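Enquirer: Quick one, fold the following:
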Amino acid sequence: MVNLFLSDAFVKILKIVSKKEYNTIIHGFFGGRLMKSLEEISGSRLYDYMTDFINIGWRRPGTPEAHKTAKYILKHFDEFGLEDTRLEPFEMLLYEPTEWKLTIKCDLLPNHETEIRCFPLWHTKATETEGIDAEIVHVGWGTPKEFRKYDVKEKIVLVESHRMMAFYPTMDFFRSYEKARQKGAIGLIAIHDTPPNTLFATYATRHQTLKDTNQESGNIPGVVISHEAGKYLKTLVQQGNVRANLKLIASIKTAMTDNLIGKLEGKKKEEIILVGTHIDSWFDGAIDNAGGNAGFLELADYYSQIPEKQREKTMIFAGFAGHEVGSIGVIEFARKHHSWFNKITTYCMVDGFGSKGYILESPGREPMETRLDEAKGLFTTENQVLFNFLSDAAFKYRLFPSMHVSAVKGAFSDLGPLVAANVPSIMVISKGIFYHTIQDTADKVLALQLERTTKAHVEILDKIHQTPSNVIKAADRKGIKLPTQPDLNKRGSIHFSFDITPNPMVEGTTALIYLTSYTCEDRIIVDLRWTLENGYELHSPILPQRFGKSGQYKVRLTLMDNFGNEYFLEKTAFVIKKARK
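Expert: Residues are numbered from 1 along each chain as shown. Prediction:
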């Protein structure tokens, strides 16, 4: 047997066969298959995968880099021995900005003008070569009340926006872009609260991203500027008349992009575990989502080395394109494969996999490492069985800080179509302050974090394999059982904060009250509760609240950990009377 391994012919065979065929050969010679143990999951290999994705370039759907990414994953699927591997191309609208510039004109400036660094607001209308030139009107946070206060017709709107939970812009909730175009504005400048020297990359609205609405919604040009540049521009506007020349040269054309699929058959052919990930990104996209793509590949490799007779359920690994332009990939996947949905035991979305934790330290807003992981959301479709799997893995592999989030109330990332179809779903996700900025780079991720998070997913997926599908489905949407009494011996330290936007506000305004950050170790936040003075309560990371009368209102946020201990913080919402004409 030793001589056989040393023979040139045998070595040549091993060089040309796939991993699946290789394992079959080994099985034939030794009566067993070489399986990867959990300990063999390697942070360095995961990090190499991640940097391979980064080195491909900006992986925008519909571009050569996106096609290369899909083929890279499919090549590894074939090497691992997955079956029915294929690309599933579909048509999309490719938005391509080529030139953008924001010039501010004001008598208070040297030479009466200056340029402010900006970035295109994706899927907004292009200008002519000379750009558009108009007066700037600051509409605060872009609430309906504020838009009623100002005449924006034939002007450029300046709107402020905070990223709720580091990713969801308040201007999207207030529909500020749509309001601007409906009121006759000819352009929009958005201020976002990203870290200093970064610009937030996003599209005009998260609610209009498909073919028939892209061109409709994008009928005024828009750009994004930084928090610091926004403070500067707001101060200028307060001093008097300020104009801007906004230039955005861009085109929209049809293009093809690719979803991809690979399968591992299990003993139970009609019971499916779907593992999905989005394969596109902004910029390097280390956190979002090259790290997740690395974990996705490692999971496919790991489970490919388990013999079919030992895999309880069939596994489908799906890569979705177009997440960053409205989750068009998973929408296309759902349209094409809806017949699978009643067979799916659990859908596991892999996104924002493992990265360092940061907070923006006031008053300078400098990024500060927490020395923990980035805060994670443990998403389930309010399923106690699945939450137990996530919770056990979080403690075993120290995925802290972590908080349970209802995927039913917030089907974020690419959960939407499957959650809507009542498929039991989970996701362990972290998106921090560098989300969708040029600083989402490899140095924000540690190999050990990728390794721990991947092993945690193996632990979770193994339990899903071992648990009867009817048990998982019976627990779905039934809620998470909360502790009834605190265990004071397990009380720990939780640091958290929330924001009220806008604050102060005019009476009748709907404000957004939302968690901004939290850090904790050795415990999972299992409940988040907002309480207002009138006794109203809501369990959700975001509380939209309309304040109809002027005054001061106490807002309390209470977090409960898995040991039943509660921690609270209070702030005041200030509401002023509407100005009388």
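
Enquirer: hey, let's count contacts and neighbours off CA atoms from now on
Expert: Will do.

Enquirer: Start and end of stretch 562-570, how far apart?
Expert: End-to-end distance for stretch 562-570: 22 Å, by Cα to Cα, to the nearest Å.

Enquirer: switch to numbering from 475
Expert: Yep, numbering from 475; the last one is stretch 1036-1044 now.

Enquirer: what does that stretch contact?
Expert: 956-962, 964-965, 968, 971, 997-1000, 1028-1034 (Cα atoms under 8 Å, 6 or more residues apart in numbering).

Enquirer: Just the buried subset of those, please.
Expert: Buried members of the contacts of stretch 1036-1044, counted by 16 or more other Cα atoms under 10 Å: 968, 997-1000, 1029-1031, 1033-1034.

Enquirer: In strands, which of these fall?
Expert: The strands, defined by DSSP state E, take in 998-1000, 1029-1031, 1033-1034 from those.

Enquirer: Out of these, which two sit at the greatest distance?
Expert: 998 and 1029 (23.0 Å; Cα to Cα).

Enquirer: Which residue lies nearest the spatial centre of this protein?
Expert: residue 887 (5.1 Å; Cα atoms, centre = their mean).

Enquirer: Burial check on the nearest residue to residue 778 once chain neighbours are set aside, number of neighbours?
Expert: Spatially, and ignoring its direct neighbours in sequence, residue 778 is nearest to residue 554 (6.1 Å; Cα to Cα, 6 or more residues apart in numbering). Using other Cα atoms under 10 Å, the number of residues around residue 554 comes to 23.

Enquirer: what's the closest residue to residue 521 other than its chain neighbours in contact with, if anything?
Expert: In space, residue 521 comes closest to residue 921 once its chain neighbours are excluded; the distance is 5.4 Å by Cα to Cα, 6+ apart. By Cα under 8 Å, 6+ apart, the contact list for residue 921 reads 517-518, 520-521.

Enquirer: Just the buried ones out of the residues you listed, please.
Expert: Buried by 16+ other Cα under 10 Å: 517, 520-521, out of these.

Enquirer: Next step: those restricted to strands.
Expert: Going by DSSP E, the strands hold none of the buried ones among the contacts of residue 921.

Enquirer: Can you flag which of those residues belong to helices?
Expert: Applying DSSP state H to these, the entries found in helices are 517, 520-521.

Enquirer: Tabulate these (TSV), appending distance to residue 979 and pLDDT.
Expert: Shown next, in TSV, are these (distance: Cα to Cα, whole Å; pLDDT from 0 to 100):
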residue	distance to residue 979	pLDDT
517	48	96
520	48	97
521	46	98
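
Enquirer: Closest to residue 558 out of the residues you listed?
Expert: The closest of these to residue 558 turns out to be residue 520 (Cα to Cα; 24.4 Å).

Enquirer: Test my guess that that closest one contacts residue 768.
Expert: Yes - Residue 520 is within contact range of residue 768, at 5.4 Å (criterion: Cα atoms under 8 Å).

Enquirer: So residue 529, which state does it fall into?
Expert: Under the three-state scheme (DSSP: H, G, I helix; E, B strand; the rest coil), residue 529 adopts helix.

Enquirer: tell me the contacts of it?
Expert: By Cα under 8 Å, 6+ apart, residue 529 lies in contact with residue 758.

Enquirer: Please report how far residue 510 lies from residue 648.
Expert: Distance from residue 510 to residue 648, by Cα to Cα: 50 Å.

Enquirer: Can you pick out the residue with more neighbours from the two?
Expert: Using other Cα under 10 Å as the criterion, residue 510 and residue 648 rank with residue 648 on top: 18 against 14.
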